[in-house]
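> need a structure here:
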Amino acid sequence: MTECTRIMAAVVLAAAALSCGQPAEEVQEEEKQIPPIGFFVEDFDCEEGTVRSGDTFSSVMNRYGLDANDTYMLAMACDTLFDVTRMRAGNAVRAYTDTLTHELHYVVYDMDRIRQAVFRCKDTLGVRIYEKPVVKNRRYADVSISSSLWADMAKAGSSPALIMKLSDIYAWSVDFFGLQKDDRFRVIYEESEVDGEHIGIDTVYFARFTHEDDDVYAILFDQGDGGNVYWNEKGESLRKAFLKAPLEFKRISSGFSYARKHPVTGQVRPHTAIDYAAPTGTPVVAIGDGTVLSASWAGGGGNTVKIRHNSVYTTSYMHLSKYGPGIKAGVHVKQGQVIGYVGMTGTATGPHLDFRVYKDGTAINPLTLESPSAEPIREEFRPALDSTFQALMAEMDSVTIAVPTDSLSTSL
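Below is the predicted model:
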């Protein structure tokens, strides 16, 4: 039944109902409600395809039978609702045509996994954005390490995307590069699905990491100050603050830049660091707890110390005159510990520290590095945090009792 036929049938039914004394409103309710996408897809033939490399809005519409003039008018009708220049190669496209005349009525373009642009290509040209319903599911994961967290998470039926959430939450408490066999994660979290498919991890409400006999808890509790939201059972922040600078310096001699003229070579190249000018011999300290990756010569960088602080952040300290006592690869250092002294080894015009920060392997500006507060939760929120902790522990224990002992993930 086409849209035209459907409308005519509704009119006839309404007229018949009125003649029999049945209210027209009741007849309209008996008619099928128009689906959220805006039309009945079963009334049309559907041709599925994708946006090809080099395609434009015009070429896509022309390929499915819309002439140049109507394509132009449709593009104008899109106005601010849809940017016709941003159709992405590889995204799905479906064309809906009349089953008898094969005239094009609608084109549906998948903007992403949630949003679709629905183009009306017959009669009144236009576009509407349809958002598929997103289903939120509260889930539970219990994963023990046997090979790698990534493989074991997938084997347990949980999305590996959960690893990224956990690595951020536990960035200061758990070394994800040093996980050992039988280490265990238990997590309560919320997952989003569209059309039955996973699209993302929204919120981790509670996590418990067990290493041998030690538990590290992560409890979601927002005290409303815009700062840390994850705490352990004692109310201590899971995040530790970085030091603002790795030394007492006189001035910043060179800033973070992607195009700096090198003072020695004269070449223009990225300088993804902050240079702190300071006298030779000035102590340089680690900005946070971590493990020394290397303490060695680095060509133009001279004597260099690299420290991995967690699975997210690494720092580098260059041009050192010498290393701090006991500093070598594999050594664990504490925040504020001396790891070297300012010098001008390597390629340098004067004594300074070249300091670099890497987040997930990419250099970032040390001056804009977010340094979360290490303050404990405010005392007035301790009772509420305790209640939240007990409730989440009880929830996790109740699910654990009901599931097999091997690693798995299930809906709550």
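
> Please name the residues that touch residue 93.
By C-beta atoms under 8 Å, 6 or more residues apart in numbering, residue 93 lies in contact with 48-51, 60, 64, 107-110. In short, each C-beta sits where N, CA and C put it, glycine included.

> Outside of stretch 317-327 itself, which residues are in contact with it?
246, 273, 280-281, 283-284, 292, 295, 298, 301-307, 333, 337-346, 348, 351-356.

> and the two most separated of the contacts of residue 93?
Using C-beta to C-beta, the contacts of residue 93 span at most 14.7 Å, a distance reached by 64 and 110.

> Let's see the lengthiest helix in the chain as CSV, backbone CA atoms only.
Scanning the chain for the longest helix, with DSSP state H as the assignment, gives helix 382-401. C-alpha atoms of helix 382-401 as CSV (Å, rounded to 0.1, in the frame of the first residue of the first chain):
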residue,chain,number,x,y,z
ARG,A,382,31.8,10.7,53.7
PRO,A,383,28.5,9.2,55.0
ALA,A,384,27.0,9.4,51.5
LEU,A,385,30.1,7.8,49.9
ASP,A,386,30.1,5.0,52.5
SER,A,387,26.4,4.3,51.8
THR,A,388,27.1,4.3,48.0
PHE,A,389,30.1,1.9,48.6
GLN,A,390,28.0,-0.5,50.6
ALA,A,391,25.1,-0.5,48.2
LEU,A,392,27.4,-1.1,45.2
MET,A,393,29.3,-3.9,47.0
ALA,A,394,26.0,-5.6,47.8
GLU,A,395,24.9,-5.2,44.2
MET,A,396,28.1,-6.7,42.9
ASP,A,397,28.0,-9.6,45.5
SER,A,398,24.4,-10.4,44.6
VAL,A,399,25.3,-10.7,40.9
THR,A,400,28.4,-12.7,41.6
ILE,A,401,26.4,-15.3,43.6
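
> quick one: low-confidence parts of the stretch 201-350 of the chain?
Within the stretch 201-350 of the chain, the segments meeting pLDDT under 70 span 249-251, 253-271.

> So residue 198 sits against residue 159, correct?
Yes. At 5.3 Å, residue 198 counts as touching residue 159 under the criterion of C-beta atoms under 8 Å.

> Just want to know which of the two has more residues nearby.
Looking at residue 198 and residue 159 with other C-beta atoms under 10 Å, you find the greater number of neighbours at residue 159, namely 19 against 14.

> for that one, helix, strand, or coil?
Three-state assignment for residue 159 (DSSP: H, G, I helix; E, B strand; the rest coil): coil.

> Contacts only, for it.
Taking C-beta under 8 Å, 6+ apart, we find residue 159 in contact with 153, 191, 198, 201.

> go on, residue 39?
3, 96, 105-106, 118.

> quick one on the thing from earlier: give the intersection of the neighbour lists for residue 198 and residue 159.
residue 191.

> I'd like to know which elements the strand or helix carrying residue 215 is packed against.
Assessed by DSSP states H and E, residue 215 sits inside strand 214-220. When contacts are defined as 3 or more C-beta pairs under 8 Å, 6 or more residues apart in numbering; DSSP states H and E, strand 214-220 packs onto strand 197-211, strand 230-231, helix 382-401.

> Let me have the ones you listed in JSON lines, extended by distance to residue 140.
Listed next are the helices and strands packed on strand 214-220 as JSON lines, based on distance: least, C-beta to C-beta, whole Å:
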{"stretch": "strand 197-211", "distance to residue 140": "10"}
{"stretch": "strand 230-231", "distance to residue 140": "18"}
{"stretch": "helix 382-401", "distance to residue 140": "5"}
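
> Can you tell me which of these is nearest to residue 184?
strand 197-211 (4.4 Å).

> Strand partners (parallel or antiparallel) of the closest one?
strand 184-194 (antiparallel), strand 214-220 (antiparallel) (DSSP bridges).

> now the first one and helix 382-401, what's the angle there?
Here strand 184-194 runs at 90 degrees with respect to helix 382-401, directions being taken by axes from the mean of the first three to the mean of the last three C-alpha atoms, to 10 degrees.

> Need the contact partners of strand 184-194.
Outside strand 184-194, the residues that reach it (C-beta under 8 Å, 6+ apart) are 113-114, 132-145, 149, 158-159, 162, 165-166, 198-210, 392, 395-396, 400, 412.
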